[in-house]
Every structure is written in structure tokens, then in C-alpha cells.
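*Asks:* here is a sequence with its predicted model. Questions after.
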Amino acid sequence: MLSLNHFTKTYQKILFALFLSVVFLLITAVSRNTVKQAGGIACFFIAGILILAVLKVLFLEFVRNQKLSQKGKKVFELLHMGFGWMTFIFVIYHSLYFLSLAFWPENNISPNYYVTGVLALIPMSLVITSGLDKNIMAKSKEVKSVYFNHLIVTMLLAVLIIIHINFQ
Amino acid sequence: MVSGEWSLIIFSILTQCAVGIWVVAIGLRTFTKGTEPNIAAELTWRPLLVVGPLMCIALVISIFHLGSPIQAYASVANLLTSWLSREIVFSGLFLFFWVISILVYRRGTSSVILGWVTSFLGLIAVFSMASIYYTTPIPAWASPNTYISFFATMIILGSLASTMFMETSKDFTAHQGARTTLWKLSLFTMGVLLIQGAFFIVNSEVHSFLPVLYCILLFLGGINFLVYSFQRYNKSGNGLRPVFYLSLVLLFSAQVLGRYLFYSSAVPIMG
């Protein structure tokens, strides 16, 4: 049985998500509506991550039981990761679809839409690599946490996505 | 007013309340920093925490007003021309910066600049919200009263909700500095409330029951808040706490009623 635990390295996980996106694209290629809305659905997952972050902050603030707090934190992190991967799959799916359209003789898509889309993929990959970094939650002085880098590139990604949608 | 617009009333009130709480709490942290920095940080922590969930609820409710909720992401597609797009973007950015600010504050850093950047984003969100209505061809909305009303709601509900959450803190009554700040805050809120009431009377026809009720609720709520703060200023102890809760109910009801009257006043130029 295929198990995600086999993928221990970041590039393996990214390649697996890419593979899933291609399979998903091929299966749903008949329904153009699904393809067109993939980018929008990714936005909902990003909003979901933001709401999860709010809930996590509140949970950690109000739950005083150490054991329960650690368990809850793990659940939130798992959900965050799941939402993150779903976003990535939908983004790749969306990107591949529009890349295929670029070679179509007739399309009304603005070049700015492509440029901002490609640019947004850069912070997206940084968000994923920093998110998968083992030191993301490090609190010791010896190991530097990449948590705030993750937040900053996420902010950059959000701004680029907004600009990208505006060139639709 | 159609029933679907209740989501708009709740969304606008909750967003303004959330931004108001943040601005008031950051203001208190900034202006009392020199005298009692630790107490200010401790007292304002709970009000700051409430802002995120309020914004989440407001943003989720706002989706129900859209014709096609699944296309909600497209509402940010006209950033250069549409105030609605700006409102959604800045509300989202305000929430995102709330998360960052809370994470920074949890680590014991009291970054005033970050707090004010977040406040600034919230204020732009409220400004964009008011501008959506100001730029319509509806005479009742296209007046400065729209801006006054939205920002006044933000300050009034922000002051009240901040006070309510600060009340739950043990140290609240123990420090003369905190009580003096509360007294100043209530005076400021009363001033804003009077401006809101005056602009409402000038811009509306206050002859029917609901506008009169709105003015009464607003005035009585303000007086109650002032009495409570004055009593707190003079002595510590629980004293007139029910008076505060009464002012909270009166002023929240007044703001909801005021917003209902605002939306129901939408009569286009051509009738």
C-alpha cells in the first residue's frame, strides 16, 4: 500500500504532490469548470489555514493542561500541513492547466496573469520548504527557528496571489 | 431591507468592533507604557486575543451575503477600482497581522510598531467599508455621516468590549493608573457618541419610532458608561458593575439598530 511515510525528503514530497496534481488534472480534464476553479479552491484552503492559525493561538492560550495542549498542538499542525499540501496540489493543478492554455493558439489570458502566477510560485516553494523544515518550531538558542521566515514568505505569497487574481 | 442583509449588519458591526478593540488596546499599551508597562500589557492581553475570533466570524458571515459563495475569492479581483475588493483584502491582512502580532507578543516582545501597523490595516479596512457606501448614488449613504457613523461604531464598541475584557482581569481595579485611563477612555467615547448622535439627527428624519429609540439607547448607554467609569475612578471594588453591563447592552443594541436604519435608508435617487 502506498504510504506517505516513505517520503522522508522534501523533494520527494513535492514530486509526489506534483504527480497527484497531474493525475487529478488528467482525470478531471473533461470538466473545465473544476479546472478553472482550482486556483479559487486553493484560496479557500489558504483562508482555512489562517482560521486554523487563529484557533491554534486561542487553544494554546486557554488550555493549561500540558498534555492536552501538546496533543492539540499536534492536531493543529497536522491539519495545517494537510491544508498546505491540498493548497499546493490545487496550485500545481491550476498552473499546469494555464501552462497548457498558453500553447493554445487562441486565448484571452493576460501575460501579466502568467508572470504574476509564475512569480507567486517562488514564495509558494519557499513556504513549503520552510514549512517542512524540522527546525520550524525550534525554541533553543543554538538552533534558529524558520517560523518567522515562513510567516514572511506567506505574507509575500498572499500579496502576489491578490495581484495575480487582479490580472484575471 | 431584505433578510439577506442581516449578514452585512453582523459583518460590518463585528469587523468594526474587532478593529476598535485592537486600536483601543494598542492605544492603551502605547500611552501607558511609560508609567506602567507590564500592567498595560497584562490588562490589554485578553481584549487583543478576542480580535482574531471576531474577525474570523465576521469574514465567514460576510460570505453568506455573496450571490455565489464559491466565487468568494473573486471579490478581491478589482483592487484598483473597487472599495469592496479593498475591504476584503485589508480585512484579511488585518487578521493575518493579528496572528503575527499575537505570536510576537506571546514571546514576550512588546512591539508597538507592529501593533500600530496592524491597527493601520484595520483602519483602512473600516475606511474601505464606509467608502463602498459613500461612493454609491444613494443620497442617504453618500454623505460624511457614513464615515462618521462607521468610525464612531468602531471606537464605541472597541472601548466597551476592551473594558469588558479588562474587567475580567484581577489587577484591573488595583491600579489607579488603569482606572484613570478608563475614565479618560469613557470621556473620549462619550464625545464620539455625541458626534455620532448629532450627525445622525442632522442627516436623518428623526420623527418615527426607531430613530428616536436609537438616539435614546445611544444617550442612555453613554451616560451609564460614564457613571460607571467615574465611580471606578473614585474608588476600586466591584461597585457599579451592573451599570457597565447595562451600558454594554444599550450601546450594542443602539449600534445594531443604527446599522439597520442605515441599510434601510437605501433609497436611490430615482426612487
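*Replies:* Looks like it arrived, so ask away.

*Asks:* which strands or helices does whichever helix or strand B:Trp45 is part of pack on?
*Replies:* Assigned by DSSP states H and E, B:Trp45 belongs to helix B:37-63. Counting contacts by 3 or more C-beta pairs under 8 Å, 6 or more residues apart in numbering or on different chains; DSSP states H and E, helix B:37-63 is packed against helix A:32-62, helix B:6-31, helix B:83-106, helix B:144-167, helix B:176-203. Every residue, glycine included, has its C-beta placed from N, CA and C.

*Asks:* could you dump those helices into a markdown table and include mean pLDDT and distance to B:Gly52?
*Replies:* Below are the helices and strands packed on helix B:37-63 laid out as a markdown table (pLDDT from 0 to 100; distance: least, C-beta to C-beta, whole Å):
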| stretch | mean pLDDT | distance to B:Gly52 |
| --- | --- | --- |
| helix A:32-62 | 85 | 4 |
| helix B:6-31 | 92 | 8 |
| helix B:83-106 | 91 | 5 |
| helix B:144-167 | 92 | 13 |
| helix B:176-203 | 87 | 22 |
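
*Asks:* okay if I get the ones you listed as a markdown table plus distance to B:Pro47 and mean neighbour count?
*Replies:* A markdown table is the format used below for these (distance: least, C-beta to C-beta, whole Å; neighbours: other C-beta atoms under 10 Å in any protein chain shown):
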| stretch | distance to B:Pro47 | mean neighbour count |
| --- | --- | --- |
| helix A:32-62 | 13 | 17 |
| helix B:6-31 | 4 | 23 |
| helix B:83-106 | 12 | 21 |
| helix B:144-167 | 4 | 23 |
| helix B:176-203 | 12 | 18 |
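
*Asks:* check the closest residue in space to A:Phe88 that isn't next to it in sequence and give its pLDDT.
*Replies:* Counting by C-beta to C-beta, 6 or more residues apart in numbering or on different chains, A:Phe88 lies nearest to A:Ala17, which is 5.2 Å off, once chain neighbours are set aside. Looking at A:Ala17, its pLDDT stands at 79.

*Asks:* check contacts around A:Ala17.
*Replies:* Neighbouring residues of A:Ala17 by C-beta atoms under 8 Å, 6 or more residues apart in numbering or on different chains: A:85, A:88-89, A:92.

*Asks:* go on, A:Leu60?
*Replies:* Here A:Leu60 is in contact with A:69, A:72-73 (C-beta under 8 Å, 6+ apart).

*Asks:* and the residues you listed, which of them are buried?
*Replies:* A:Gly72 (16 or more other C-beta atoms under 10 Å in any protein chain shown).

*Asks:* how about the nearest residue to residue 121, chain neighbours excluded?
*Replies:* Reading this off chain A. A:Ser95 (6.8 Å).

*Asks:* wait, I meant chain B there
*Replies:* If the residues on either side of it in the chain are set aside, B:Leu121 comes closest to B:Phe94, at 4.4 Å by C-beta to C-beta, 6+ apart.

*Asks:* returning to that earlier point: okay, and which of the contacts of A:Leu60 map to helices?
*Replies:* Secondary structure assignment by DSSP state H places A:69, A:72-73 of the contacts of A:Leu60 in helices.

*Asks:* of all those, which comes closest to A:Phe7?
*Replies:* Proximity of those to A:Phe7 was ranked by C-beta to C-beta; the top entry is A:Lys73 with 23.0 Å.

*Asks:* the closest one touches A:Leu52, doesn't it?
*Replies:* No. Using C-beta atoms under 8 Å as the test, A:Lys73 is too far from A:Leu52 to be in contact (11.7 Å).

*Asks:* distance to B:Val212 for the helices and strands packed on helix B:37-63 - can I get that in JSON lines?
*Replies:* Formatted as JSON lines, the helices and strands packed on helix B:37-63 follow (distance: least, C-beta to C-beta, whole Å):
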{"stretch": "helix A:32-62", "distance to B:Val212": "40"}
{"stretch": "helix B:6-31", "distance to B:Val212": "20"}
{"stretch": "helix B:83-106", "distance to B:Val212": "31"}
{"stretch": "helix B:144-167", "distance to B:Val212": "17"}
{"stretch": "helix B:176-203", "distance to B:Val212": "10"}
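
*Asks:* out of the ones you listed, which is closest to B:Tyr263?
*Replies:* helix B:6-31 (6.6 Å).

*Asks:* elements contacting the closest one?
*Replies:* Partner elements for helix B:6-31 (3+ C-beta pairs under 8 Å, 6+ apart): helix B:37-63, helix B:83-106, helix B:112-134, helix B:144-167, helix B:176-203, helix B:241-264.

*Asks:* for chain A, what spans make up the helices?
*Replies:* Counting by DSSP H, the helices of chain A are A:10-28, A:32-62, A:66-102, A:111-132, A:147-166.
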